[in-house]
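S.K.: Sequence below, structure please.
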Amino acid sequence: MSQENVEKVRAANAAFNRGDMDSALAFYAADAEVRDLLNGPDQSSVAKGTAAIRETLALWFAAFDQLRAEVDEYIDTGDAVICAAHWVGHGRASGISIDVRQFDVYQFRDDKVARATLGYRSKAEALEAVGLSDQDAHADS
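M.R.: Residues are numbered from 1 along each chain as shown. From the prediction side, this is the model:
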């Protein structure tokens, strides 16, 4: 089941990078929660439910041109997938480039993403969030 979760996160990320929010959100539970630990364009840290997640994503796409998450590594932890993500884009108004490396955690319930927590600064921090250590993790990059 966990390898299937990696493939779901991979597919959702590909849809996000294409700007296809319907396909990306199809992998999320209706009551899913997205928590951004570092950067929310709307100054809120949590979006609950796919409608709120869609609104938050729309704010991101309105603020940044060519926004995308390039995932360097997918880490299968069983009920969660950790992504070593490289977020890039350009501010629409400012033209300033963003270039952020972080670890994002996608936790599953009933074959759907139930919670995504974005913005862990280290792999160890992300692993700890799902109750694991570096020795416990298995990478699938």
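S.K.: Can you tell me the closest non-neighbouring residue to residue 9?
M.R.: Leaving out its chain neighbours, the residue that sits closest to residue 9 by CB to CB, 6 or more residues apart in numbering is residue 81, at 4.5 Å. Every residue, glycine included, has its C-beta placed from N, CA and C.
S.K.: I meant residue 12, not that one.
M.R.: Residue nearest to residue 12 in three dimensions, not counting chain neighbours: residue 27, with 4.2 Å by CB to CB, 6+ apart.
S.K.: That neighbour: how many residues sit nearby?
M.R.: Using other CB atoms under 10 Å, residue 27 is surrounded by 22 other residues.
S.K.: Give the full set of residues in contact with it.
M.R.: Residue 27 makes contact with 8, 9, 11, 12, 112, 113, according to CB atoms under 8 Å, 6 or more residues apart in numbering.
S.K.: do the same with residue 13
M.R.: When the contact criterion is CB under 8 Å, 6+ apart, the partners of residue 13 are 24, 69, 71, 83.
S.K.: who does the helix or strand where the last one lies pair up with?
M.R.: Yep, that's residue 83 we're talking about. Assigned by DSSP states H and E, residue 83 belongs to strand 80-91. In the sheet, strand 80-91 lines up against strand 64-76 (antiparallel), strand 97-109 (antiparallel) (DSSP bridges).
S.K.: Pretty sure residue 85 sits against residue 105.
M.R.: No - with contact defined as CB atoms under 8 Å, residue 85 and residue 105 do not form a contacting pair (10.5 Å).
S.K.: how close does residue 73 sit to residue 7?
M.R.: 15 Å (CB to CB, to the nearest Å).
S.K.: rewinding a little: any chance of JSON lines for the strands paired with strand 80-91, columns distance to residue 47?
M.R.: Listed next are the strands paired with strand 80-91 as JSON lines, based on distance: least, CB to CB, whole Å:
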{"stretch": "strand 64-76", "distance to residue 47": "16"}
{"stretch": "strand 97-109", "distance to residue 47": "14"}
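S.K.: can you redo these as CSV with mean neighbour count, mean pLDDT and distance to residue 17?
M.R.: What follows is these, written out as CSV (neighbours: other CB atoms under 10 Å; pLDDT from 0 to 100; distance: least, CB to CB, whole Å):
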stretch, mean neighbour count, mean pLDDT, distance to residue 17
strand 64-76, 17, 94, 4
strand 97-109, 17, 95, 14
